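In: I'd like to go over a predicted model; first the sequence, then the structure.
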Protein chains: 2
Amino acid sequence: MFRGQYVHSISDNGRVSIPAKFRELLNVKYSSNTIIVSMFENCLLAYPKIEWEKLESKMLDLPSFKKETVDFERYLIGNASECQLDSEGRINISPVLRKNLNFKKSVVFVGILTRFEIWDEKLWEKNRESGFKKFQKSRDQIDEI
Amino acid sequence: MFRGQYVHSISDNGRVSIPAKFRELLNVKYSSNTIIVSMFENCLLAYPKIEWEKLESKMLDLPSFKKETVDFERYLIGNASECQLDSEGRINISPVLRKNLNFKKSVVFVGILTRFEIWDEKLWEKNRESGFKKFQKSRDQIDEI
DNA sequence: TCCTATATGCCAAAATATGACAAAATCTGC
DNA sequence: GCAGATTTTGTCATATTTTGGCATATAGGA
């Protein structure tokens, strides 16, 4: 499972290396070094290809011209890109995504079970306080655990 | 699958190159460099020929005198045109379509699984905020995922 | 038929992505 | 705390993609 936080720097042309722990998981558990990166709220969202394809196959069954489908897919698929890790475990993040999320010098990788997020470091730091508050609030909503 | 966003500039006479990633998919998966381009909401909608034909055959099954069918088909089929990519992977967009959609300097290609959209960049940027809101809303509607 | 506007083909420059290598930084076991 | 191993980062060369320019072809309108 993806877990924990790692801060990495990102080069001028958008290259950034995936944490070694995450790479190992991709190798061992998913036997693949392909991930799909898309946008979410204020951060990138990355899935191992197999996990992502589960999502896509569900989307293919949706009525393709219905407004909700289009809005959903235009955002989630329209911002997605497939990345192969290179020989040193790096990926490229497209100019569009970097611009949207205001990626500057460093980014934070946040592991979340079957996926991980990528945040601009500054924004991540800024949200730390409110993140804690949101966590406190969420505790009361989550009855299943 | 078509995924992600690419910004390309469009020449004065309406020539624009299809993103390399999309071209590769056309080659590898569809073994064809023919696409069908039609109009959609504020943007163009493009399908590989095979996908377009699937769509057409589904339409043939619709009740052909029903008002919704006629309205739907008249718009989607009536605006469609077939394009071959040239040797550098470019297509031409007719003056009529460019005028309708107000295509100026740059356009954005948005991959959506079996098809892709083409937007005027300015308009796409203007809609980014509301696009995110629509995505947030649609998440609640799409309970399969 | 000729003229104009648009479409097409070809070439090459500019911009961008990719791959390989090595230096720097960090982690690990002792 | 140290030595060796691993990980992360920076740099440069190369390949690919995108763009612009120009010449030619084609079609439609006067």
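Out: All right, it came through fine.
In: host element of A:Asn79?
Out: Counting by DSSP states H and E, A:Asn79 is held by no secondary-structure element, helix or strand.
In: spatially nearest residue to it (excluding sequence neighbours)?
Out: Sequence neighbours aside, A:Met39 is the residue nearest to A:Asn79 in space, at 3.9 Å (criterion: Cβ to Cβ, 6 or more residues apart in numbering or on different chains). The way it works is simple: take the backbone N, C-alpha and C, and place the C-beta from them, glycine included.
In: could I get the contacting residues of the one you found?
Out: A:45, A:75-76, A:79, A:97, A:100-101 (Cβ atoms under 8 Å, 6 or more residues apart in numbering or on different chains).
In: contacts only, for the residue lying closest to A:Phe2 once chain neighbours are set aside.
Out: Closest residue in space to A:Phe2, ignoring its immediate chain neighbours: A:Gly111 at 3.2 Å, by Cβ to Cβ, 6+ apart. Shown in contact with A:Gly111 (Cβ under 8 Å, 6+ apart): A:1-5, A:21-22.
In: now these as a markdown table including neighbour count, pLDDT and secondary structure?
Out: Below are the contacts of A:Gly111 laid out as a markdown table (neighbours: other Cβ atoms under 10 Å in any protein chain shown; pLDDT from 0 to 100; DSSP: H, G, I helix; E, B strand; the rest coil):
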| residue | neighbour count | pLDDT | secondary structure |
| --- | --- | --- | --- |
| A:Met1 | 9 | 92 | coil |
| A:Phe2 | 21 | 95 | strand |
| A:Arg3 | 12 | 94 | strand |
| A:Gly4 | 12 | 94 | strand |
| A:Gln5 | 13 | 95 | strand |
| A:Lys21 | 14 | 96 | helix |
| A:Phe22 | 22 | 96 | helix |
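In: max pairwise distance over those: which two?
Out: Distance extremes for the contacts of A:Gly111: the farthest pair is A:Met1 and A:Gln5 at 14.2 Å, using Cβ to Cβ.
In: which parts of chain A sit against DNA strand C?
Out: For chain A, the residues in contact with DNA strand C (Cβ under 7 Å from any atom of the strand) are A:13-15, A:84, A:86-88, A:92, A:94-95.
In: with just CA atoms, put stretch A:87-95 into PDB.
Out: The C-alpha coordinates for stretch A:87-95 follow below in PDB (Å, rounded to 0.1, in the frame of the first residue of the first chain):
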ATOM      1  CA  SER A  87      15.500   4.200 -15.800                       C
ATOM      2  CA  GLU A  88      16.000   6.400 -12.700                       C
ATOM      3  CA  GLY A  89      12.400   6.200 -11.700                       C
ATOM      4  CA  ARG A  90      11.300   9.600 -12.900                       C
ATOM      5  CA  ILE A  91       8.300  10.900 -14.700                       C
ATOM      6  CA  ASN A  92       7.400  14.000 -16.600                       C
ATOM      7  CA  ILE A  93       4.600  16.300 -15.600                       C
ATOM      8  CA  SER A  94       3.100  18.100 -18.500                       C
ATOM      9  CA  PRO A  95       3.300  21.900 -18.700                       C
END
